[in-house]
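**Q** Next one to model:
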Amino acid sequence: MNPVTLGYTIGEKVYDADVYEVKSCIQSATKNHWAVQIARESGVSLDPALVEIVLRFDHPNLVKLHDIFMTRGVVHEVVDHVFAGNDLFEYIESSTDMKLTESQAALIIEKLLS
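**A** Predicted coordinates:
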């Protein structure tokens, strides 16, 4: 199936990682702007029960998974659009010494758990 036939228009690439790429997307029915993470490897199987559980996650400190589908054996995850600079991994990666102090790590964990 094509993402367009599933109700999404896929836009430009916004991030590139080793295992996936992220593109902007718009849901045709609602015009909501999200991002779609597209896995680089095909042939991955999805556990429907696990997908249903993750789709129910709704927390202000988590990126929300709105939809998940496969096209040609490639997993597409429709998620909240997180703009560059809001990613914990990017923050750690951009740190000059590649380390967080204990107080920095504690503050991040506190925010994640609140």
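**Q** And the pLDDT at the residue nearest in space to the middle of the chain?
**A** Nearest to the geometric centre of the chain sits Val79, at 4.9 Å (CA atoms, centre = their mean). The score at Val79 is 91. That number is its pLDDT.
**Q** How about Ala17?
**A** With respect to pLDDT, Ala17 scores 79.
**Q** now do Leu6
**A** We have a pLDDT of 78 for Leu6.
**Q** So the spatially closest residue to it that is not a sequence neighbour: helix, strand or coil?
**A** Distance criterion CB to CB, 6 or more residues apart in numbering; nearest residue to Leu6, sequence neighbours excluded, is Phe69 at 5.6 Å. Using the backbone N, CA and C atoms, a C-beta is placed for each residue, glycine as well. Under DSSP: H, G, I helix; E, B strand; the rest coil, Phe69 falls in the strand class.
**Q** Would you check that Leu46 makes contact with Val75?
**A** Yes: proximity of Leu46 to Val75 meets the contact threshold set by CB atoms under 8 Å, at 6.8 Å.
**Q** overlap in contacts of these two?
**A** Residues touching both Leu46 and Val75 comprise Ile68, with contact defined as CB atoms under 8 Å, 6 or more residues apart in numbering.
**Q** more neighbours, these two?
**A** Each of Leu46 and Val75 has its neighbours counted (other CB atoms under 10 Å); Val75 has more, 19 against 11.
**Q** ok, now which ones touch that one?
**A** In this structure, Val75 makes contact with Ile38, Ala39, Val44, Leu46, Ile68, Phe69, judged by CB under 8 Å, 6+ apart.
**Q** Ala105 versus the residue nearest to the centre of the chain, what's the distance?
**A** According to CB to CB, to the nearest Å, Val79 stands 25 Å off from Ala105.
**Q** Make sure I have this right: Ile109 is in a strand.
**A** No: assigned with three-state DSSP, Ile109 falls outside any strand and is helix.
**Q** Count the residues that sit near it.
**A** Neighbours of Ile109 (other CB under 10 Å): 10.
**Q** same check, this time on the one 5 residues further on
**A** Other residues near Ser114 come to 8 when the count uses other CB under 10 Å.
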